[in-house]
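1. I'd like to go over a predicted model; first the sequence, then the structure.
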Amino acid sequence: MPAMAFAAVAHMILFLFLLGSNGAAAVERTFSFSNGCSHPVWVGALNGATSPPLSRSGFFLASGAASALAAPEDSSWSGTFWARTGCATDAATGRFSCATADCGSGDVACDGRGPSPPVTLVELTLAAVSSGSGGAQDFYDVSLVDGFNVPVRITPTINTTSNNNGAECRAASCASDVNAACPADLRVVVSGSGSGGEYVAACKSACNAYGSARYCCSGEYGTPAACGPTSYSELFKSACPDAYSYAYDDATSTFTCAGASGYHIAFCPS
């Protein structure tokens, strides 16, 4: 075969490979992370029951550091991200654990385990996309339904050529330090290292603290009509208007975006 013809065939094979079986080029999406806290965090990641796991389910993120994870190409995906704090490995047992949002795996990787509340959660549902199908909407939010441990913000990454089809693509956040305003009965207090003394490391939700159906929106309170805000959830909402403050706080707390190439999760955003 002449060299030029061979090159043309090779180029066509490569092109078809990149297109994939559905005839559309694969769309790469990325989750990026940054830590603006004055202390390190250990990021946790948990995929939804029908979604594939990411390449890492937990990793260390030093103060001022950044990292990234690739999202599944084209396919839909749902999952959650969070920050663990006050983590260390026990010298005697070798078991890794955290003061807040521990996932109970005994390791930096969470391996399919979710966080122990209280925890500030970032929740994401990505639509299946491919080139030319930018109308599919992603859904995302910041949730304080399981309490609060660190401030966080999630921001869509938008290509300048994307057609967002009316989706707002706004950042969702809880940037306030809710721990500073946490009522005494919801505080999680831990001992600081050295001469730091005790400090409020997290703030429980009323459901975490009391377990009642009213606060947990369960049982006879298990519908939006029956379970409205409480004085506790309103405290969370006042501090973080964009975030879920209780289970049925959908109207002001669910965000959408079409055509995002990824999402940036910032812990302790400036």
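-> Ah, there it is. Keep in mind it's a predicted model, so treat the numbers as computed, not measured. Residues are numbered from 1 along each chain as shown.
2. got any ranges where this protein has weak pLDDT?
-> Scanning the chain for pLDDT under 70 picks out 1-27, 130-135, 160-167, 193-196.
3. contacting residues for C110?
-> Neighbouring residues of C110 by C-beta atoms under 8 Å, 6 or more residues apart in numbering: G44, A45, L46, S57, G58, C103. Yep, even glycine has a C-beta here, placed from its N, CA and C like the rest.
4. also R56?
-> R56 sits next to A45, L69, A109 when contact means C-beta under 8 Å, 6+ apart.
5. out of these, which comes closest to V200?
-> Relative to V200, the closest of the contacts of R56 is A45; by C-beta to C-beta it sits at 25.7 Å.
6. that closest one against L69, yeah?
-> Yes. Counting by C-beta atoms under 8 Å, L69 is a contact partner of A45 at 7.0 Å.
7. what about stretch 215-223, start to end distance?
-> End-to-end distance of stretch 215-223 (C-alpha to C-alpha, to the nearest Å): 12 Å.
8. stretch 139-149 too?
-> 23 Å.
9. gap between that stretch and the chain center?
-> Taking C-alpha atoms, centre = their mean, to the nearest Å, one finds stretch 139-149 lying 8 Å from the centre of the chain it belongs to.
10. pretty sure A128 is touching P72, no?
-> No. Under the criterion of C-beta under 8 Å, A128 is not in contact with P72, lying 9.3 Å apart.
11. between the two, tell me which one has more neighbours.
-> Between A128 and P72, P72 has the larger neighbour count (other C-beta atoms under 10 Å), namely 16 against 13.
12. the residue lying closest to the more buried one once chain neighbours are set aside: what's it in contact with?
-> Residue nearest to P72 in three dimensions, not counting chain neighbours: P52, with 5.6 Å by C-beta to C-beta, 6 or more residues apart in numbering. P52 sits next to P72, S75, W77 when contact means C-beta under 8 Å, 6+ apart.
13. for the nearest residue to the second one once chain neighbours are set aside, what are phi and psi?
-> What that stands for is S75. Closest residue to S75 apart from its sequence neighbours, by C-beta to C-beta, 6+ apart: A128 at 5.4 Å. A128 adopts backbone torsions of phi -70, psi 130, taken as degrees, to the nearest 10.
14. and G219, by the same measure?
-> Main-chain dihedrals, G219, degrees, to the nearest 10: phi 60, psi -130.
15. got a list of what the residue nearest to S75 touches?
-> Residues in contact with A128 (C-beta under 8 Å, 6+ apart) are D74, S75, S76, A136.
16. again, but for L61
-> Applying C-beta under 8 Å, 6+ apart, one finds that L61 lies in contact with F33, S34, N35, P40, V41, W42, V43, S67, A83, F267.
17. can I get these in JSON lines including secondary structure?
-> Putting the contacts of L61 into JSON lines (DSSP: H, G, I helix; E, B strand; the rest coil) gives the following:
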{"residue": "F33", "secondary structure": "strand"}
{"residue": "S34", "secondary structure": "strand"}
{"residue": "N35", "secondary structure": "strand"}
{"residue": "P40", "secondary structure": "coil"}
{"residue": "V41", "secondary structure": "strand"}
{"residue": "W42", "secondary structure": "strand"}
{"residue": "V43", "secondary structure": "strand"}
{"residue": "S67", "secondary structure": "strand"}
{"residue": "A83", "secondary structure": "strand"}
{"residue": "F267", "secondary structure": "strand"}
